[in-house]
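In: predicted model, plus sequence, below.
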Amino acid sequence: MKKQLAVLFPGIGYHADRPLLYYSAKLARAHGCEVTTVQYPALPSGLRGNPEQIEAALPDLDPAGITFHGTADPWARTELITEGCRRLGVPLHLTENADHSMETGDVLRDITILHTILEQTDRWMRQRCI
């Protein structure tokens with residue numbers, strides 16, 4: 001049987017060794033997936049506050065994927081993410097008042113958010129990974 005591939009997309013200012021992606025990679029490996037991380041070249045300056053340049057990422061989403069977004073993310077407008085995911089049929093999980101790192105500034109709430117995201121990711125992987 002062919003091994004599934006999990007691809008991690010770290011995003012702007014977030015690396016694969018940060019909690020969300022670190023534990024997501026461990027979860028994927030536990031489900032028997034091979035894990036690879038996209039390594040981006042240096043990003044151009046002026047992205048923040050320039051949604052037109054960031055919008056190019058939405059058409060590249062795979063409808064078979066899963067998406068998480070914090071409503072306080074300064075890099076991406078919630079309305080844009082919500083509409084793009086709806087249009088593409090990509091499941092979207094919104095977290096109120098979380099930033100780009102899915103953090104709120106309240107450590108215990110942030111750990112709960114991480115746990116919730118990993119539970120949702122685990123459920124999603126159980127449907128797709130063997």
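Out: Done, it's in.
In: okay, and the helix or strand of the protein with the least pLDDT?
Out: Sorting the helices and strands of the chain by mean pLDDT, DSSP states H and E puts helix 51-55 at the bottom, at a mean of 61.
In: burial check on G84, number of neighbours?
Out: A count of nearby residues for G84, using other C-beta atoms under 10 Å, gives 18. Where C-beta positions appear, they are placed from N, C-alpha and C, glycine not excepted.
In: for it, pull up the helix or strand it's in.
Out: Here G84 sits within helix 78-88, counting by DSSP states H and E.
In: what ranges do the helices span in the protein?
Out: 19-30, 51-55, 78-88, 107-128 (DSSP state H).
In: next, the angle helix 19-30 makes with the last one.
Out: Inter-element angle recorded for helix 107-128 and helix 19-30: 30 degrees (by axes from the mean of the first three to the mean of the last three C-alpha atoms, to 10 degrees).
In: buried residues of helix 107-128, list them for me.
Out: 110, 113-114, 117-118, 121, 124-125 (16 or more other C-beta atoms under 10 Å).
In: closest to G70 out of these?
Out: G70 has its nearest neighbour among the buried residues of helix 107-128 in I113, at 8.4 Å by C-beta to C-beta.
In: before we move on, back to that, turn the buried residues of helix 107-128 into a markdown table, including distance to I81 and pLDDT.
Out: Shown next, in a markdown table, are these (distance: C-beta to C-beta, whole Å; pLDDT from 0 to 100):
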| residue | distance to I81 | pLDDT |
| --- | --- | --- |
| D110 | 20 | 97 |
| I113 | 17 | 97 |
| L114 | 19 | 97 |
| I117 | 15 | 96 |
| L118 | 20 | 96 |
| T121 | 17 | 93 |
| W124 | 18 | 89 |
| M125 | 22 | 88 |
